[in-house]
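> based on what follows, work out the 3D shape:
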Amino acid sequence: MNDSTPPSPPAWLQKARSHWQHSGTRRPDFARTPGPGEESVWDYPRPPALVDDSREVVVRVHGVEIARTRRARRILETASPPTFYLPPEDVRRDLLIPAPGQSFCEWKGPASYWTVAVDDTRIESAAWTYPKPFGEFAGIAGWYAFYPGKVDCLVDGQQVRPQAGGFYGGWVTDEIIGPYKGEPGTGGW
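A predicted model of the protein is given here:
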């Protein structure tokens, strides 16, 4: 594999992926049924889908714009609100500082974190990227995702609500219905 080829998930991870109970093919009985204009997180696939989104996405801290784009990509995964990824060209990278620590997503691979620094305010690990995601997610390599519980995120002017649980970075807007992963008792989803 040369340096530009996205890595493939190791065999142990591919095996672990196959054990998920919910895959978006059948909505469980406890899931809400979507109405007109709504999306159920239980209809999202597993493995997740990468979908372009042309709505205006804005990220701010104390009124300072960190990002603005109409070229976002959403990750849609069973049981979770979408996570929005923004192209690096549309992000104020001069306001981002590498943060310590990493995490690992079974679908996307290892993530790196970023602290947002605006004037005297530092918001630790408020954003993350996948520098070298697994092949099926190469379309978000180096793109930025932000935690809506740490910074102000808007989609077409609508304030985004954060997914519960602290770790998850899903963006809850009015059209997204659940219940969602991250709430108490949802660890096995």
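
> measure Val151 to Ile66 for me?
7 Å (Cβ to Cβ, to the nearest Å). Where you see a C-beta, it was placed from the backbone N, CA and C, and this is true even at glycine.

> common neighbours of the two, please.
59-60, 116 (Cβ atoms under 8 Å, 6 or more residues apart in numbering).

> just name the shakiest helix or strand of the protein by mean pLDDT.
helix 11-17 (a mean of 63; mean pLDDT, DSSP states H and E).

> neighbouring strands for whatever helix or strand comes next after it, and are they parallel or not?
Next helix or strand after helix 11-17 toward the C-terminus (DSSP states H and E): strand 39-40. If you go by DSSP bridges, strand 39-40 pairs up with strand 176-177 (parallel).

> the residue nearest the centre of the chain: what's it in contact with?
Closest to where the C-alpha atoms of the chain average out (Cα atoms, centre = their mean) is Thr83, at 2.6 Å. By Cβ under 8 Å, 6+ apart, Thr83 lies in contact with 74-75, 145, 169-171.

> which of those has the most neighbours?
Neighbour counts for these, by other Cβ atoms under 10 Å, peak at Gly170, which reaches 28 neighbours.

> pretty sure that residue contacts Pro81?
Yes - using Cβ atoms under 8 Å, Gly170 is in contact with Pro81, at 3.2 Å.

> list the residues that contact both of the two?
When contacts are counted by Cβ under 8 Å, 6+ apart, the set common to Gly170 and Pro81 consists of 163, 180.

> now Cys105: closest residue in space, sequence neighbours ignored.
Distances taken as Cβ to Cβ, 6 or more residues apart in numbering place Ala111 nearest to Cys105, at 6.4 Å, with adjacent residues excluded.

> in the chain, where is pLDDT below threshold?
Low-confidence segments of the chain, defined by pLDDT under 70: 1-6, 9-10, 12-24, 188-189.

> returning to what we had before: specify which member of the shared contacts of Val151 and Ile66 is nearest to Val155.
Closest approach to Val155 among the shared contacts of Val151 and Ile66 (Cβ to Cβ): Val59, at 10.5 Å.
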